[in-house]
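Novice: sequence and predicted model, in that order:
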Amino acid sequence: MAVPHLIVEYSANLESDMGIDALMAKLRDVAVAGGVFPLAGIRVRATRRDRYLIADGDPGHGFVHVMARIGKGRAEAVRRAQAQALFDALRAHLEPLLNDRERGMALSLEMVEIDPVGTLKMNNLHERVSG
């Protein structure tokens, strides 16, 4: 079973306030703590979006979206619990921005199962990283 690729997209106007490196580490740690995914299989990456339009177009609005891509075969309850744990960490990390009444914020997380047909991979990380 493939393990998660956590892809964080965020609006450029949040970059100086959101602590993206710390958020990425938190998401990784939550994925490991769930006991479902081995450390060596986790990939976390982030992409700043410079062009975006949110709601009424107010340039102060921001967004963070996390896509968690996981291998097929895990029970619905496991997927739901992992998605909730990741979303809770996302929300907690961004709480100061959510509480800023001068800024509109949209947070979202989507867990998607990777279709194993046509998915090819290779790495030596399991030999090099314990966990």
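Specialist: Perfect, thanks for sending it. Please read these numbers as outputs of a predicted model, since none were measured by experiment.
Novice: so which strand or helix has the one residue sitting closest to the centre of the chain?
Specialist: Nearest to the mean C-alpha position of the chain, by CA atoms, centre = their mean, lies residue 66 at 3.6 Å. Taking DSSP states H and E as the definition, residue 66 sits inside strand 62-71.
Novice: can you spell out which helices and strands pack onto that strand?
Specialist: Using 3 or more CB pairs under 8 Å, 6 or more residues apart in numbering; DSSP states H and E as the contact test, the elements touching strand 62-71 are strand 5-11, helix 76-93, strand 105-114. Using the backbone N, CA and C atoms, a C-beta is placed for each residue, glycine as well.
Novice: one more time with 6 Å
Specialist: Strand 62-71 sits against strand 5-11, strand 105-114, with contacts defined as 3 or more CB pairs under 6 Å, 6 or more residues apart in numbering; DSSP states H and E.
Novice: could you identify which of the ones you listed is most buried?
Specialist: strand 5-11 (a mean of 20; mean count of other CB atoms under 10 Å).
Novice: so that strand versus strand 105-114, what angle?
Specialist: 150 degrees (axes from the mean of the first three to the mean of the last three CA atoms, to 10 degrees).
Novice: got the contact list for the next helix or strand after strand 5-11?
Specialist: Later in the chain than strand 5-11, the nearest helix or strand by DSSP H and E is helix 15-18. By CB atoms under 6 Å, 6 or more residues apart in numbering, the residues outside helix 15-18 that reach it are residue 48.
Novice: just give me how far helix 15-18 sits from the chain centre.
Specialist: What separates the centre of helix 15-18 from the centre of its chain is 16 Å, taken as CA atoms, centre = their mean, to the nearest Å.
Novice: in it, what's buried?
Specialist: residue 18 (16 or more other CB atoms under 10 Å).
Novice: just checking, what packs against the next helix or strand after that helix?
Specialist: Once helix 15-18 ends, the next helix or strand along the chain (criterion: DSSP H and E) is helix 20-33. Counting contacts by 3+ CB pairs under 6 Å, 6+ apart, helix 20-33 packs against strand 43-49, helix 76-93.
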